[in-house]
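Enquirer: need coordinates for the below:
(4 chains)
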Protein chains: 2
Amino acid sequence: MEPQLVRELEILHSQVCHALGDPKRLMILYMLARQPQYVNDIAAELDLPQPTVSRHLKILRERSLVDATREGASVLYSLADERLIQALELLRAILRDRILAQAELVTHAGPDADSVDQPD
Amino acid sequence: MEPQLVRELEILHSQVCHALGDPKRLMILYMLARQPQYVNDIAAELDLPQPTVSRHLKILRERSLVDATREGASVLYSLADERLIQALELLRAILRDRILAQAELVTHAGPDADSVDQPD
DNA sequence: TTCACATATTCGGATTATCGAATACAATTG
DNA sequence: CAATTGTATTCGATAATCCGAATATGTGAA
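Expert: Residues are numbered from 1 along each chain as shown, chains lettered A, B, ... in the order given. Modelled structure (predicted):
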């Protein structure tokens, strides 16, 4: 593999993918995709302590995945790039199809004596 | 935020996004996007110990992001869903535009006495 | 300046991820 | 069966991540 692509993927990971590696950050991004929000509103909506939200926002901000604009004493955060949500929607579609495919397997093959079928 | 979407994003994270949270896994996925590969070939190409590659492949396999088919003593791995690369390409585009925008800032504003400009 | 509110940061501590080395397992050959 | 090749797993140590609590910073109003 070309060292050039290797380096680029390392940057892609540290600058973008790594930021998606936390469920709370995913939720924050989805919230901001709907409309810009203030820190306290995000914290209230997701039922998280404000410092936790600020820490996650910092990580997203440092990678330019969200924009922050001060409005008086508050700071309004917004999604920096719509394509971020497009990418996440692609991943959601993959997940959905995967779950559907597994459900088909169960439906068509049917539970038999050998395959245990206990939920969780 | 609806508990339903919250739950779905948690699954999206644990099943997909989390798997993208390692640079070596990104490289493996990009290698497999070009063509299916055997474990040892991946290890050689990325200059990684074989157990390390197997461990990462297991993580990808458990999430159905790659397919594994045994061929004699070898196991051929392939990308399970092209949309995974589509999503990564979207993220790469975001990263590229972000870097370009920052370069523009430097070019147009020009380095001045206040803004230090040391590489790395 | 002092207060009140909104946001950001720091600091342990607990959890989790990753690694290399050694080893175990699987498949083919003789 | 033993030997060889390819792949998978286990193990202990290191390192990274995340959290809550406390605290610091920033802004506007009185």
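
Enquirer: look up phi and psi at the residue in chain A that chain B sits nearest to.
Expert: Chain B sits closest to residue A:21 of chain A, with a gap of 3.5 Å, by CB to the nearest CB. For glycine as for every other residue, the C-beta is placed from the backbone atoms N, C-alpha and C. Per-residue torsions, residue A:21: phi -80, psi 20 (degrees, to the nearest 10).

Enquirer: ok, it touching residue B:14?
Expert: No - in this structure, residue A:21 is not within contact of residue B:14 by CB atoms under 8 Å, at 10.3 Å.

Enquirer: out of those two, which sits in the more crowded spot?
Expert: residue A:21 (17 against 12; other CB atoms under 10 Å in any protein chain shown).

Enquirer: for the more buried one, list the residues it contacts.
Expert: By CB atoms under 8 Å, 6 or more residues apart in numbering or on different chains, the contact set of residue A:21 is B:13, B:17, B:18, B:20, B:21.

Enquirer: same question for residue A:36.
Expert: Residues in contact with residue A:36 (CB under 8 Å, 6+ apart) are A:76, A:77, A:78, A:79.

Enquirer: so how far is DNA strand D from it?
Expert: 18 Å (CB to the nearest atom of the strand, to the nearest Å).

Enquirer: pop out the phi and psi values for that residue.
Expert: phi -60, psi 150.

Enquirer: in this structure residue A:60 contacts residue A:20, no?
Expert: No - the criterion here is CB under 8 Å, and residue A:60 misses it with residue A:20 at 9.6 Å.

Enquirer: give me the common contacts of the two.
Expert: Taking CB under 8 Å, 6+ apart as the criterion, residue A:60 and residue A:20 both touch residue A:29.

Enquirer: can you work out which other helices and strands pack against the one helix or strand residue A:87 maps to?
Expert: Using DSSP states H and E, residue A:87 maps to helix A:82-109. Applying 3 or more CB pairs under 8 Å, 6 or more residues apart in numbering or on different chains; DSSP states H and E, we find helix A:82-109 packed against helix A:23-34, helix B:3-15, helix B:82-109.

Enquirer: so which of these is nearest residue A:72?
Expert: With respect to residue A:72, and counting by CB to CB, the nearest of the helices and strands packed on helix A:82-109 is helix A:23-34 at 19.5 Å.

Enquirer: could you count how many residues lie near residue A:73?
Expert: When neighbours are defined as other CB under 10 Å, residue A:73 has 6 of them.

Enquirer: and chain A, which residues reach chain B?
Expert: A:1, A:5-6, A:8-18, A:20-23, A:26-27, A:30-31, A:45-46, A:64-65, A:81, A:83-84, A:86-88, A:90-95, A:97-98 (CB under 8 Å from any CB of the partner chain).

Enquirer: identify the residue spatially nearest to the most centrally placed residue in chain A, adjacent ones excluded.
Expert: When CA atoms, centre = their mean is applied to chain A, the residue found nearest the centroid is residue A:26 (2.7 Å). Of all residues not flanking residue A:26 in the chain, residue B:9 sits nearest, at 4.7 Å (CB to CB, 6 or more residues apart in numbering or on different chains).

Enquirer: ok, which residues in chain A are in contact with DNA strand C?
Expert: Taking CB under 7 Å from any atom of the strand, the part of chain A that reaches DNA strand C is made up of A:38-40, A:50-51, A:54-55, A:57-58, A:68, A:73-75.

Enquirer: farthest pair in the residues you listed?
Expert: With CB to CB as the measure, no two of the residues of chain A next to DNA strand C lie farther apart than A:55 and A:73, at 19.5 Å.

Enquirer: give me the subset of the residues of chain A next to DNA strand C lying in strands.
Expert: A:38, A:68, A:74, A:75 (DSSP state E).
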